[in-house]
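# sequence below, structure please.
(2 chains)
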Number of protein chains: 2
Amino acid sequence: MFVNRMPRYEILSEQAMAQLDAGWRRLVTEIGVEFMSDRALDLFREAGQKVEGNTVFLDPEFVLAQVAKAPKEFEVQARNPEHSVHIGGEAMAFGAVYGPPFVREGEVRRDGTFDDYRNFLRLAQSFSALDSAGGVVCEPNDTPLDSRHLDMNLALMTLTDKIYMGNVVSGPNAADTIAMSEILFGGREAIEKTPVCISLINCNSPLRWDDRMLDALFEYCGAAQPVVLTPFLLMGAMSPVTIPAALVQQMAEAFSGIALAQLIRPGCPVIFGSFLSNIDMKTGSPTFGTPESGIGLLCTGQIARHYGLPFRSGGGLTSSQVADAQAGYESLMTLMPTFLAGANWVMHSAGWLDGGLIASFEKFIVDVQILEMLRHEFTPLEIDEASLAFDAHQEVGHGGHFLGAMHTMERFRDCFYRPFLSSSDNYDRWMRGGALDANARAGQIYKATLADYVQPPLDDAIRLELEEYVVRRRAELGD
Amino acid sequence: MFVNRMPRYEILSEQAMAQLDAGWRRLVTEIGVEFMSDRALDLFREAGQKVEGNTVFLDPEFVLAQVAKAPKEFEVQARNPEHSVHIGGEAMAFGAVYGPPFVREGEVRRDGTFDDYRNFLRLAQSFSALDSAGGVVCEPNDTPLDSRHLDMNLALMTLTDKIYMGNVVSGPNAADTIAMSEILFGGREAIEKTPVCISLINCNSPLRWDDRMLDALFEYCGAAQPVVLTPFLLMGAMSPVTIPAALVQQMAEAFSGIALAQLIRPGCPVIFGSFLSNIDMKTGSPTFGTPESGIGLLCTGQIARHYGLPFRSGGGLTSSQVADAQAGYESLMTLMPTFLAGANWVMHSAGWLDGGLIASFEKFIVDVQILEMLRHEFTPLEIDEASLAFDAHQEVGHGGHFLGAMHTMERFRDCFYRPFLSSSDNYDRWMRGGALDANARAGQIYKATLADYVQPPLDDAIRLELEEYVVRRRAELGD
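Here you go, the predicted structure:
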């Protein structure tokens, strides 16, 4: 996996950090946070926090004591140990887009299907730039709703051998995910010792945690599986229009969720979540890859480090409907700050279009290309005598060229990153190749990648047990 | 103009900087630098440097003493004082693409014409993100070769009221540019007091300065006009394949050129130039927007600051043939480091395609869009009590929305940057609008911008004198 040993780009002064710190403290103390779960309210009450109706008024020192119980860094094991990941510190792990109901392929946008879902999983398995397919890469709309999570889990566990995300639609869905994980990894003890899936718990911002998400939180924390407590902030809608206000709200929401996670199970791994962008104030549309979201991302990283938490942010976000120039620059406008901030868990790293409503095969390839470039760009330079190449200058002389120099011959194979999507063909060669733009070439690449896909091996007994679990539970669910 | 008050992203340690410093010293001392100009050789000889044939073996301490004579920061005046720029410090000035022989418009690539040239100038005049049209935005192939520079100068001076770049094809061309500048600004004294044009002096890398470029250098330095001494480094061809070697060579070349400029006229404003990318080692094609060029750019900024020089680097570079996703991410892959490094003079900021061989109208718009976004992103956050929006939370409460909050109403007009090219239309609206991708929308925007263009006013007497100069010189040149 990728370890980002480059410096972090930090833009908040100590004074600014102190102001933000005072801000979230005031929010949790005076406005409080709503938890739509009696179990959650009971835990907070027992811990001495003031509860009125569904609102918990939190003591900031209590919150920070809870936050301090979370591990700064932790491991998540994949069924192929080579694909296990480290979350936190300088490590960065990447998952594909999460949640789109639609799929785009070539010129067509349509409802996502289970075939699409499986193909996205095969792509995620095929590219080393991705540590995970994520979870809901697209909604498999042609599978039965109540048991869909079983189909997705089975696909994640058999078509990929990377880490996966847990289903969070309900508590029972989370319990199914945990049960299937126990089958895959050999029992409860194995997955509690080293967790196996990461689950996204979104806040119903501003300042409210909903019941179904909290039910899933209880399940995953109970099994010591990491949860990403994520304020869902589109500035102007779910938060005020100023970035500092959004940051303060993000802290209040994430910290309150983390405090609950630590009440459920002290020491449970958590990730400080951030999903922070803004709406277009003229149309109300959400917008992505914006300057504001880039600033927010840089600040979020600095804040998470300040409180000693791994954090989730970033991805290849765009409002564009197609994998065009806008999609290219907006994705990088999020992904470059993702690397500058050193995000630890990066959802939506590949395939996102249309504000997250569309999973695109072509955009998936574009994003993997960008990820590979950034991994090279964020690798520290090695400067030593040999890298200064004085001998090459002696050999080549003034006005010569280095193509055939000894220094070049020794290094030409791997001195530069070589892209697989970007073209540097000259005009004539490009025309002879059919004058394909990046979108068209991405279409060829994803098809070739799917054709070359090889399913990772899995013990037949385990596969059978997983399949039997799905059949049994589907029957119980009446699908 | 834009002043970048965000922190610089620096990745070189003190030790690395010391190694690079030792590297360029060894190059200029032991390999030396070729100057294909007797005037230059004489100046170096008189200054006590060892000259053998065309090679000057430089004393690094002498070089640094010369470099120290250059101003750290300086002004360049535009004929409209509102468009004058500051070069150096935190200021960033942006010019359009420079040098392409071809133009792309819609689906067609063709030879650039003078009509194209003038249209690009009108676009550069129209967008505040650009401080200059640059110089050779495209080659006007349908104008007579020997007097082409006169046509371009007249267009730059009349169709825009921003700063411009000087012609560097030969010494006489440079002299014409200076003579026309004297007409435009009211005499030699006026332009020597505050310079009016910036000229690009490229090195014939490795380690050779050619005669025609040096002839132009002598002219511009003689008139106290700023010159950009630019090593032209495609790693693998004009420099070794390791980034540290390229950085060291860049220092040796730029510093040697700057030393000459200071010999010609002590105190002449100069800019440390950088044009640093790499070739594809399999095909030999130049590649742009690469991870290697991003790293080089960040290092270049740090090096220039270390030696107290303003620097030129960056731009919206790409190898792509069209304004597609690749063009989007490669341009930003250069432009984001341009801002992170705080480049002072940014050539090729708009319109570059195909490794600089094509000037594209659509890409021009894409790049201006990216520049506007980055200007917003690189504006420091203001964090104060009001920006934390506590009152808005009191007003909105848990699970509500901020669309109608007082805090929002007070700020909705300018709280977020609103893009002019990027679309955040939802799918249905986008389909109703014709399903136009960013390239197609950019085509509409540049045409509308040209339709709205208004030529900036110019005193009739000055215009007449410029036109007479062109007619007279064209006749002398036999065109």
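# get me the contact residues on the stretch 151-300 of chain A for chain B.
By C-beta under 8 Å from any C-beta of the partner chain, the residues of the stretch 151-300 of chain A that approach chain B are A:204, A:206-208, A:235-245, A:248-249, A:278, A:280-292, A:294-295, A:299. Backbone N, C-alpha and C define where each C-beta goes, glycine included.
# go ahead and confirm A:Leu317 touches A:Ala327.
No. Using C-beta atoms under 8 Å, A:Leu317 is not in contact with A:Ala327; the gap is 9.7 Å.
# excluding its backbone neighbours, what's nearest A:Phe311?
In this structure, A:Phe311 finds its nearest non-sequential neighbour in A:Ala304, 3.5 Å apart by C-beta to C-beta, 6 or more residues apart in numbering or on different chains.
# so what's the residue count around that neighbour?
26 (other C-beta atoms under 10 Å in any protein chain shown).
# so what's it up against?
Contact analysis of A:Ala304 by C-beta atoms under 8 Å, 6 or more residues apart in numbering or on different chains lists A:272, A:310-311.
# next: A:Gln321.
Neighbours of A:Gln321 in contact, by C-beta under 8 Å, 6+ apart: A:104, A:109, A:353-354, A:358, B:423, B:425, B:427, B:430, B:435, B:437.
# of those, buried ones?
Burial by neighbour count, 16 or more other C-beta atoms under 10 Å in any protein chain shown: within those this picks out A:104, A:109, A:353-354, A:358, B:423, B:425, B:427, B:430, B:437.
# neighbour-wise, which one of the contacts of A:Ala304 leads?
That'd be A:Phe272 among those, by other C-beta under 10 Å, with 30 neighbours.
# the one helix or strand A:Ala93 maps to near chain B anywhere?
Under the criterion of DSSP states H and E, A:Ala93 resides in strand A:91-94. No. Remark: strand A:91-94 sits outside contact range of chain B, by C-beta under 8 Å from any C-beta, the gap being at least 15.4 Å.
# now the strands for the stretch 51-200 of chain A?
A:55-57, A:74-76, A:85-87, A:91-94, A:102-105, A:108-111, A:164-165, A:197-202 (DSSP state E, counting those that start in this stretch).
# and those strands as TSV, adding distance to B:Phe44 and mean pLDDT?
Below are these laid out as TSV (distance: least, C-beta to C-beta, whole Å; pLDDT from 0 to 100):
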stretch	distance to B:Phe44	mean pLDDT
strand A:55-57	76	98
strand A:74-76	62	98
strand A:85-87	56	98
strand A:91-94	50	98
strand A:102-105	62	95
strand A:108-111	66	96
strand A:164-165	66	98
strand A:197-202	64	98
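# so which bits of stretch A:72-83 are buried?
Buried residues in stretch A:72-83, counting neighbours by 16+ other C-beta under 10 Å, are found at A:74-79, A:83.
# thinking again about what came up before, just the buried ones among the contacts of A:Gln321 now: which is nearest B:Ile258?
Nearest to B:Ile258 among the buried ones among the contacts of A:Gln321: B:Asp437, at 44.4 Å, using C-beta to C-beta.
# spit out the contact partners of A:Arg418.
Contacts of A:Arg418 (C-beta under 8 Å, 6+ apart): B:280-282.
# quickly find the element holding the residue in chain A that chain B sits nearest to.
Using C-beta to the nearest C-beta, the point where chain A gets nearest to chain B is A:Gly328, with a distance of 2.6 Å. Assessed by DSSP H and E, A:Gly328 sits inside helix A:325-341.
# and that helix, average pLDDT?
In this model, helix A:325-341 has an average pLDDT of 98.
# packing partners for that helix?
helix A:291-306, helix A:361-377, helix B:325-341, helix B:361-377, helix B:438-452 (3 or more C-beta pairs under 8 Å, 6 or more residues apart in numbering or on different chains; DSSP states H and E).
# could you check the angle helix A:325-341 makes with the third one?
Counting by axes from the mean of the first three to the mean of the last three C-alpha atoms, to 10 degrees, helix B:325-341 lies at 40 degrees to helix A:325-341.
# same thing with the first one?
Relative orientation of helix A:291-306 with respect to helix A:325-341: 20 degrees, computed using the same axes, to 10 degrees.
# let me know the angle separating helix A:291-306 from helix B:361-377.
40 degrees.
# so which bits of helix A:291-306 are buried?
For helix A:291-306, a neighbour-count test (16+ other C-beta under 10 Å) marks A:291-305 as buried.
# cool, and the last one?
By 16+ other C-beta under 10 Å, the buried positions in helix B:438-452 come out as B:438-439, B:441-443, B:445-446, B:449.
# check these against chain A, which are close?
Among the buried residues of helix B:438-452, the residues within reach of chain A (C-beta under 8 Å from any C-beta) are B:438-439, B:442.
# which of these sits closest to chain A?
Comparing these against chain A with C-beta to the nearest C-beta picks out B:Ala438 as the nearest, at 4.0 Å.
# so how far is A:Ser424 from the closest one?
21 Å (C-beta to C-beta, to the nearest Å).
# what does A:Leu276 give?
Taking C-beta to C-beta, one finds A:Leu276 at 35 Å from A:Ser424.
# same deal with A:Lys447?
A:Lys447 sits 22 Å away from A:Ser424, taking C-beta to C-beta as the criterion.
# quick one, what contacts the spatially closest residue to A:Cys415 that is not a sequence neighbour?
Nearest residue to A:Cys415 in three dimensions, chain neighbours excluded: B:Val241, at 4.0 Å (C-beta to C-beta, 6+ apart). Contact partners of B:Val241, counting by C-beta under 8 Å, 6+ apart, are A:389, A:402, A:407-408, A:411-412, A:415-416, B:235, B:278, B:281.
# swap in 7 Å and give it another go.
Remark: with contacts taken as C-beta atoms under 7 Å, 6 or more residues apart in numbering or on different chains, B:Val241 is in contact with A:408, A:411-412, A:415, B:235.
# and these, which of them are in strands?
B:Met235 (DSSP state E).
# picking up where we left off before, and B:Val33, which of the helices and strands packed on helix A:325-341 is closest to it?
In terms of C-beta to C-beta, the element of the helices and strands packed on helix A:325-341 nearest to B:Val33 is helix B:325-341, at 25.3 Å.
# rewinding a little: counting neighbours, go ahead and name the busier of A:Leu317 and A:Ala327.
It is A:Ala327, of A:Leu317 and A:Ala327, that has more neighbours when counted by other C-beta under 10 Å, with 34 against 30.
# what about the closest residue to the more buried one other than its chain neighbours, which helix or strand?
Nearest non-adjacent residue to A:Ala327, counting by C-beta to C-beta, 6+ apart: A:Ser320, 4.1 Å away. For A:Ser320, there is no helix or strand it lies in under DSSP H and E.
# does A:Ala124 touch A:Ala96 like I think?
Yes. Contact criterion C-beta atoms under 7 Å: A:Ala124 and A:Ala96 qualify, at 5.0 Å.
# shared neighbours of those two, which are they?
Common neighbours of A:Ala124 and A:Ala96 (C-beta under 7 Å, 6+ apart) are A:130, A:133.
# helices of the stretch 201-350 of chain A, residue ranges please.
A:211-222, A:243-264, A:291-306, A:325-341 (DSSP state H, counting those that start in this stretch).
# so which of the ones you listed is the most packed in?
helix A:325-341 (a mean of 30; mean count of other C-beta atoms under 10 Å in any protein chain shown).
# and it, how far out from the chain middle?
14 Å (C-alpha atoms, centre = their mean, to the nearest Å).
# could you check the angle it makes with helix A:438-452?
70 degrees.
# would you turn the buried residues of helix B:438-452 into TSV with pLDDT?
Shown next, in TSV, are the buried residues of helix B:438-452 (pLDDT from 0 to 100):
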residue	pLDDT
B:Ala438	98
B:Asn439	98
B:Arg441	98
B:Ala442	98
B:Gly443	98
B:Ile445	98
B:Tyr446	98
B:Thr449	98
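# which of the residues in stretch A:128-141 are buried?
Buried-residue list, stretch A:128-141, by 16+ other C-beta under 10 Å: A:129-141.
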